[in-house]
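1. sequence plus predicted model, see below.
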Amino acid sequence: MKTVIDAHNIKKIYNPETVPVVAVNNVHLHLERGEFTALVGPSGSGKTTLLNLIGGLDKPDNGSVIINGVDITRLSANKLIDFRLHNIGFVFQSFNLIPVLSARENVELIMQLQHVKKAEINVRVTSLFRQIGLEDKMDVRPAQLSGGQQQRIAVARALASRPQFILADEPTANLDTKSADNLLDIMAKLNKEENMTFIFSTHDQRVIERARRVVTLVDGQIHTDSSPVSVHADYPVTA
Ligand SMILES: Nc1ncnc2c1ncn2[C@@H]1O[C@H](COP(=O)(O)OP(=O)(O)OP(=O)(O)O)[C@@H](O)[C@H]1O
């Protein structure tokens, strides 16, 4: 097995000078390639903060985050931007597509930033839209798409960069049940068929049930790290 994420003893304190909030408290988290892991816990338990630290969107006050063998906490701001571009795919609760670009252009943009050749971009875009089942929506702008369709485009965009892993913060929070199921089907298929590694935060019990590993945070610390069955038994997940 190949280690993709190795977060070691990470800590994040907001407002250290005024009213300190310890959002993530000495967390160790290790993910192998091909994992399909849900991060759960009550509101304010530190899920978004932990994902932001793992994704290099924020820096820990202590500890290291090693992605594919690189300690990203030691990279300069510019190197970190470049590292994220090539190694980490992001999916956010609010989709974050660029409204003035078509669905296709949203997916192409990241490959253009990576200087992928035009012919290769075309091949990848066609394949990605087939994978998310939206070949007929390539030239449509985000506003003309449903939330579920927008989130599938966001998954295609995350995949387009050929990342080490995809990090999704509450990807189904703004989706109806059917769209959430559909998104999970696509993520699970990518995980199974392409061994793509996913870590996603969620409050949604049905999403939790589809994870193969569930990590529960309470007060910024890992409370349980187990299969969904034992988590159901000792931790009632609430929205
Ligand atoms: N920018 C910030 N400045 C100060 N405190 C913050 C900031 N962001 C988060 N916090 C605090 O850090 C703690 C963890 O927040 P975080 O958003 O990581 O939790 P969460 O588990 O993702 O919550 P939710 O499920 O509601 O999204 C909370 O106490 C929160 O109030």
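-> Received it, and whenever you're ready, just let me know what you need.

2. low-confidence ranges, this structure, go.
-> Along the chain, segments meeting pLDDT under 70 span 227-239.

3. would you map the helices across it?
-> For the chain, the helices identified by DSSP state H occupy 47-54, 77-87, 103-113, 118-131, 147-160, 177-194, 205-210, 228-234, in order along the chain.

4. which one of the ones you listed lies nearest to the ligand?
-> Closest to the ligand of the helices of the chain is helix 47-54 (Cβ to the nearest ligand atom; 3.3 Å). Just so you know, the C-beta spots here come from the backbone N, C-alpha and C atoms, and that holds for glycine as well.

5. can you get me a residue count around Ile222?
-> Applying the criterion other Cβ atoms under 10 Å, we find 19 residues in the vicinity of Ile222.

6. quick one on the thing from earlier: make CSV from the helices of the chain and add distance to the ligand to it.
-> CSV is the format used below for these (distance: least, Cβ to the nearest ligand atom, whole Å):
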stretch, distance to the ligand
helix 47-54, 3
helix 77-87, 18
helix 103-113, 25
helix 118-131, 28
helix 147-160, 17
helix 177-194, 16
helix 205-210, 13
helix 228-234, 16
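
7. quick one, what contacts the most centrally placed residue in the chain?
-> To find the centre residue of the chain, average its C-alpha atoms and take the closest one (Cα atoms, centre = their mean): that gives Leu167, at 1.4 Å. Counting by Cβ atoms under 8 Å, 6 or more residues apart in numbering, Leu167 touches Leu51, Ile54, Gly55, Ile88, Gly89, Phe90, Val91, Phe198, Ile199, Phe200.

8. list the contacts for the residue nearest to Gln112 when sequence neighbours are not counted?
-> Using Cβ to Cβ, 6 or more residues apart in numbering and skipping residues adjacent in sequence, the residue nearest Gln112 is Ile121, 7.1 Å away. By Cβ under 8 Å, 6+ apart, the residues touching Ile121 are Glu108, Met111, Gln112.

9. just checking, the first one touches Val123?
-> To tie it back to what came earlier, the one meant is Glu108. No: at 11.7 Å, Glu108 does not count as touching Val123 under the criterion of Cβ atoms under 8 Å.

10. what about these two, which has more around it?
-> The neighbour count for Glu108 versus Val123, taken as other Cβ under 10 Å, is higher for Glu108 (22 against 12).

11. from Gln151, how far out is that one?
-> Counting by Cβ to Cβ, to the nearest Å, the gap between Glu108 and Gln151 amounts to 18 Å.

12. what do you get for Ile54?
-> For Ile54, the distance to Gln151 under the criterion Cβ to Cβ works out to 20 Å.

13. so between these two, which is more surrounded?
-> Relative neighbour count places Gln151 above the other of Ile54 and Gln151, with 29 against 26, counting by other Cβ under 10 Å.
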